[in-house]
Every structure is written in C-alpha cells, then in structure tokens.
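Asker: Dropping the sequence and predicted coords here.
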Amino acid sequence: MATQIDKEACREAYNQVRDDNTDTNWAVFKYEGSRILPADQGSDYGEFKKMCTDDARLFCFLRIMTGDAMSKRAKFILITWIGESIGGLQRAKISTDKALVKEVVQNFAKEFMISDPKELNEDYLREEIKKAGGANYDAQTE
C-alpha cells in the first residue's frame with residue numbers, strides 16, 4: 001500500500017516550528033500504518049530525543065538558534081531517524097517516503113539521516129548547521 005501524508009496536520013506542526021512567536025522548536029512526524037502524521041512537537045530537546053528509539057522511523061524538523069557575535073538567527077534541520085531494529089524493507093521505503101515529507105517541510109539548511117543516538121547530540125548538530133551557515137565572525141575572537 002502506498003504511503004500517504006496528512007499534509008494539513010503536518011504543515012501545521014511545521015509552521016509552529018518556523019514561527020518566531022512560539023517556543024516550539026521541533027516537530028516529529030511518524031508512521032501510523034501507511035500514513036505519515038505529526039507525532040509530537042515541543043521545546044525540550046530531551047523530549048525530542050526520547051522519541052528516537054530503536055524501533056522508530058521518524059522525520060524530525062528542528063529549529064536551532066545559531067549565529068555569531070554579529071547576528072543570531074534560526075536555522076532548520078530535517079532529520080530522518082531510522083532505529084537500529086528497523087528491517088531492510090522499511091529502511092528502503094523511508095527513502096522514497098521522504099519525498100512526501102519534503103512536500104510539506106520545504107525550508108531547511110541541512111538534512112541528516114541518523115540511526116545512532118550519539119549523532120543526535122545537540123552540540124554536534126549546532127556545529128554542523130554553523131558550518132553550513134557561511135560567514136562566522138566568532139573566528140575573529142578565537
């Protein structure tokens with residue numbers, strides 16, 4: 001059965017993360033049968049990480065504040081989480097289903113495919129997004 005996405009519900013969660021007037025800085029989209037739906041959203045990074053379990057297949061949209069001494073700005077990341085115990089067929093399917101998610105989640109600076117919880121380290125992601133961000137005036141003070 002072909003995977004479908006609840007575009008309206010997912011777009012609402014996506015827009016919450018992108019909205020500068022909310023505290024929401026992450027949204028997770030999960031599989032429910034052959035549908036992709038919003039699972040949860042929030043502001044506590046630890047709560048987000050708890051959702052990334054060995055038996056989960058998720059798409060995660062994160063806001064990370066970055067910048068340097070001259071400017072601070074929000075940057076966005078799309079993470080495809082594939083837990084270690086996910087089988088080969090489901091792993092393969094998530095790659096094609098990502099196109100459905102990208103119809104909703106259209107603006108992000110960097111994309112990751114992660115299976116190892118160590119790679120969810122917030123400092124690591126912040127450094128990666130900083131590298132992708134261009135000019136870094138903090139280097140002048142180092």
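Answerer: Perfect, thanks for sending it.
Asker: drop to CA atoms for contacts and neighbour counts, all remaining ones
Answerer: Will do.
Asker: List the buried residues in the helix or strand encompassing Lys50.
Answerer: Assigned by DSSP states H and E, Lys50 belongs to helix 45-51. Residues of helix 45-51 classed as buried under the neighbour-count rule (16 or more other C-alpha atoms under 10 Å) are Phe48, Met51.
Asker: Report the next helix or strand after that helix in sequence order.
Answerer: Next element after helix 45-51 (DSSP H and E): strand 57-67.
Asker: Okay, now the sheet partners of that following strand, with direction.
Answerer: Sheet pairing of strand 57-67 (DSSP bridges) gives strand 26-32 (antiparallel), strand 72-82 (antiparallel).
Asker: where does that strand sit relative to the chain's centre, distance-wise?
Answerer: Taking C-alpha atoms, centre = their mean, to the nearest Å, one finds the center of strand 57-67 at 4 Å from the center of the full chain.
Asker: before we move on, what about stretch 5-25?
Answerer: 12 Å.
Asker: Same check on stretch 56-72?
Answerer: Counting by C-alpha atoms, centre = their mean, stretch 56-72 comes out at 9 Å from the chain centroid.
Asker: Next: stretch 56-74.
Answerer: 9 Å.
Asker: Ok, stretch 92-99 next?
Answerer: The answer for stretch 92-99 is 15 Å, by C-alpha atoms, centre = their mean.
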